[in-house]
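# When you get a sec, could you give me coordinates for this:
(4 chains)
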2 protein chains.
Amino acid sequence: MTRSKSKRQTGCPIAFALDTFGDKWSLIIIRDMLMRGKETYGEFLAADEKIATNILADRLQHLQDEGLIEKKRDPQNRRRYLYRLTPKGLDLTPIVLEMVRWSAAYDPNTKASPAVVTRIQSDREGLLKDLIQKNKPERD
Amino acid sequence: MTRSKSKRQTGCPIAFALDTFGDKWSLIIIRDMLMRGKETYGEFLAADEKIATNILADRLQHLQDEGLIEKKRDPQNRRRYLYRLTPKGLDLTPIVLEMVRWSAAYDPNTKASPAVVTRIQSDREGLLKDLIQKNKPERD
DNA sequence: CTTCATCACTTGCATATCACAAGTGAATAC
DNA sequence: GTATTCACTTGTGATATGCAAGTGATGAAG
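Numbers count the residues shown, from 1 in each chain, chains lettered A, B, ... in the order given. As a prediction, the model looks like this:
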């Protein structure tokens, strides 16, 4: 395991956030969990963005160390693990939504769903509730 | 200049955002401009996080290429340049605020101003307006 | 008009991180 | 037992980062 992610420790909230999930891949994984219902290693590997397997393993470990996700054996198939967002990880939803809004506004090739983009503006609270509900840790 | 920043081009808004400003330093620079009124190279260099000068030059160029900031000579002192947020860069404010909110909630050593954190919850719209007003491009 | 200081970078180089390919080991399936 | 799936690990070259030192264009002082 490549020991990475040194913390800047300045107390600045932006630096803290960047040190926790501010790399090229962590939010891609979070997005897959939050918006696409993915929960296994193989599903994350299959993402359009082609994450390398060692980087994926490293990021999952890091996100777990940071308490954003948790890892459990799948009771249905004991050779796989299920990764789930913790409440702390789920609480990144507003950040993810604001990023979607921004990119939808400025990326001419965006594939962001217009329905979601519209709802971010018109019913932010409701959308947040729905996403958080769908990813509630107690849900199975 | 180290040519970096390859784009993933999948159309995913999260990937687009990460490719545009999702590195260890870009949002630190944006924060300095947005929340701390910094606008010169020397001011960015002096940040608590100790950004290396070559990385700073590279990121400023990148942010300029992406249209998030603009660079002008300082009319008061022609040997310095002023960096300012464009409307596209200013529109990152909601993302920055959500990151502040998240970090303030989960970093036990946060130095986030309680006044700001409270206002993010209680008067999000007003706070956004104020920050955007303060950084309006036409202001001098 | 020469010298000196400031400001915004560039360049070089050691170190760290990433990406790609291939390999390992545990849990089921047959 | 043999094969297959799944979740990783390991090795190696490419890329990016961090640090120190150097450069060129103002502008200020004498």
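# next one: phi and psi at A:Leu82?
Backbone dihedrals for A:Leu82, given as degrees, to the nearest 10, come out at phi -110, psi 130.
# Quick check: bridge partners of it?
A:Lys72 (DSSP bridges).
# my guess is it contacts A:Thr40, does it?
Yes - using Cβ atoms under 8 Å, A:Leu82 makes contact with A:Thr40 at a distance of 6.5 Å. C-beta coordinates here come from the backbone N, C-alpha and C atoms, glycine included.
# any shared contact partners between the two?
Common contact partners of A:Leu82 and A:Thr40 (Cβ atoms under 8 Å, 6 or more residues apart in numbering or on different chains): A:Asp74.
# Next, the residues that contact stretch A:40-57 from outside, please.
A:1-2, A:25, A:28-29, A:32, A:38, A:59-60, A:74, A:80-83, B:8, B:10, B:12, B:15.
# Can you measure across that stretch, start residue to end residue?
11 Å (Cα to Cα, to the nearest Å).
# picking up where we left off before, now restrict the contacts of stretch A:40-57 to buried residues only.
Listed as buried from these are A:25, A:28-29, A:32, A:38, A:59-60, A:82-83, B:8, B:10, B:12, B:15; burial here means 16 or more other Cβ atoms under 10 Å in any protein chain shown.
# Pull the number of nearby residues for A:Leu18.
24 (other Cβ atoms under 10 Å in any protein chain shown).
# my read: it touches B:Lys24, true?
Yes - the criterion here is Cβ under 8 Å, and A:Leu18 meets it with B:Lys24 at 6.0 Å.
# which residues of chain A fall in strands?
A:69-74, A:77-85 (DSSP state E).
# With mean pLDDT as extra columns, can I get those in CSV?
As requested, the strands of chain A are exported to CSV (pLDDT from 0 to 100):
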stretch, mean pLDDT
strand A:69-74, 96
strand A:77-85, 95
